[in-house]
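1. what's the 3D shape of this:
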Amino acid sequence: MEFHLEFTPKFFDIKINHRQNLLLIGSCFTEQIGNKFSKYKFSVLENPNGILFNPISITKSINAYIDNKQYQEVDLFYKNECWNSWEHHSRFSTPEVNDCITGINNSQTHAHNFLKTADWLVITLGSAFVYELENNVVVANCHKVPADKFTKRLLSVEETVVEFQNLIKNLIAFNNGIKIILTISPVRHLRDGFIENNRSKSILIQIAHLLADNHSNCFYFPAYELIIDDLRDYRFFAEDMVHPNYAATNYVWEKLIDTCIDVSTQQLMKEIAVIVAAKKHKPSNPASDQHKKFRQINLDKVKKLQAQFPYIDLDEEKSYFL
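-> Numbering: from 1, shown residues only. I've put the predicted structure just below:
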């Protein structure tokens, strides 16, 4: 008797490799996957605005990268003894206004330059609920401002698709070769309610498929379905029963490797993994001949990979084993 129906996503016609640049943006699940790419030495930039959940804030932020928007004090607000931006995560919030502006604008410029040559834009949508100020401006983060200052509403498929279609048009004009991976975060937004969370996710899924079906440079990766319909068990969630745990994230990552990354790159990732694991090794006697030999063996591996693949950054590992 089968107690688990494994789901195999459709392989991408175009695959990711180490020569390419990847910009990842969206929910906290974005950062979990971004960390995996970074571990295997892909060229990655993740969440230049910090974590973003709703589609409107995501499209707005990417358009701001295209325009290299530079923020000023008038774009910020002061609350809880910090300067904040409605378009950014609280990691940019600081007591001094100039520090906040500098941090935001440095991130904007970096994202603008990275996006110029990005091969892939990975967008993870978290929730179709938005919070709006009195002027109908959607905020990316409420910054612990009282709830009565916002109006909460559920986005429609139609208005969100229009936002994304305009974004895709701008992206192609800015970087004609960019490809987009759309995925839905498997993180449950249960503070909205069980029924409301499912309504929200269903809207995001519909949006993602409409875009992937109608734009040749858009692809859909089913992270949400892999956890909700394939693993389908609370033992794959953290103690809060909201966030996928380490095992679940690894499962999605393994499926992503098979689906989105080319075969030769997968082999290279295995070689990189050996070096990364060796760097984490804690010797009982760092001065021993045995450890010196261990370091030399791994230094040789690093040098060999650097010679074969000079576009992969292994400088940190090389310095460690020297």
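
2. against Gln296, how distant is the residue of the chain positioned farthest from its centre?
-> In the chain, counting by Cα atoms, centre = their mean, Asp289 sits farthest out from the average C-alpha position, at 42.3 Å. Distance, Asp289 to Gln296, by Cβ to Cβ, to the nearest Å: 10 Å. Backbone N, C-alpha and C define where each C-beta goes, glycine included.

3. and for Arg232?
-> Where Gln296 is concerned, Arg232 sits at a distance of 48 Å (Cβ to Cβ).

4. one more: Glu46?
-> Distance, Glu46 to Gln296, using Cβ to Cβ: 34 Å.

5. again with His281
-> Here His281 is placed at a distance of 14 Å from Gln296 (Cβ to Cβ).

6. same question for Leu226.
-> Taken as Cβ to Cβ, the span from Leu226 to Gln296 is 41 Å.

7. looking at those two, which one has more neighbours?
-> Set side by side, Leu226 and Gln296 show more neighbours around Leu226, with 25 against 12, by other Cβ atoms under 10 Å.

8. got a list of what the more buried one touches?
-> By Cβ atoms under 8 Å, 6 or more residues apart in numbering, the contact set of Leu226 is 7, 9, 186, 251-252, 255.

9. cutoff 6 Å now
-> Leu226 makes contact with 252, 255, according to Cβ atoms under 6 Å, 6 or more residues apart in numbering.

10. strands along the stretch 201-322 of the chain, start to end?
-> Secondary structure of the stretch 201-322 of the chain (DSSP state E, counting those that start in this stretch): strands at 218-220.

11. tell me the pLDDT at Met1?
-> On pLDDT, Met1 comes in at 62.

12. Leu210: neighbouring residues, count only.
-> Counted with other Cβ under 10 Å, residues neighbouring Leu210 total 18.

13. distance-wise, check it relative to Ile172.
-> Distance, Leu210 to Ile172, using Cβ to Cβ: 17 Å.

14. same check on Phe11?
-> To Ile172, Phe11 is 24 Å away according to Cβ to Cβ.

15. can you check Asn298 too?
-> As judged by Cβ to Cβ, Asn298 and Ile172 stand 43 Å apart.

16. likewise Val276?
-> For Val276, the distance to Ile172 equals 36 Å [Cβ to Cβ].

17. these two: which is more packed in?
-> Taking other Cβ under 10 Å, Val276 and Ile172 do not tie; Val276 has more neighbours (16 against 13).

18. what's the closest non-adjacent residue to that one?
-> Residue nearest to Val276 in three dimensions, not counting chain neighbours: Lys39, with 6.2 Å by Cβ to Cβ, 6 or more residues apart in numbering.

19. domain ranges for this structure?
-> Segmentation of the chain into domains, based on automatic domain parsing, reads 21-261, 263-322.

20. quote the end-to-end distance of the longest one.
-> Domain 21-261 has its terminal residues 13 Å apart, counting by Cα to Cα, to the nearest Å.

21. return the distance of it from the chain's centre.
-> The chain centroid and the centroid of domain 21-261 are separated by 7 Å, computed with Cα atoms, centre = their mean, to the nearest Å.

22. is it true that Ile58 touches Leu52?
-> Yes - if you go by Cβ atoms under 6 Å, Ile58 and Leu52 touch, sitting 5.1 Å apart.

23. show me which of those two is the more surrounded one.
-> The residue with more neighbours, out of Ile58 and Leu52, is Leu52; 29 against 25, by other Cβ under 10 Å.

24. which of the three states applies to that one?
-> When classified by DSSP: H, G, I helix; E, B strand; the rest coil, Leu52 comes out as coil.

25. and it, what does it touch?
-> Applying Cβ under 6 Å, 6+ apart to Leu52 gives the contacts 26, 58, 140.
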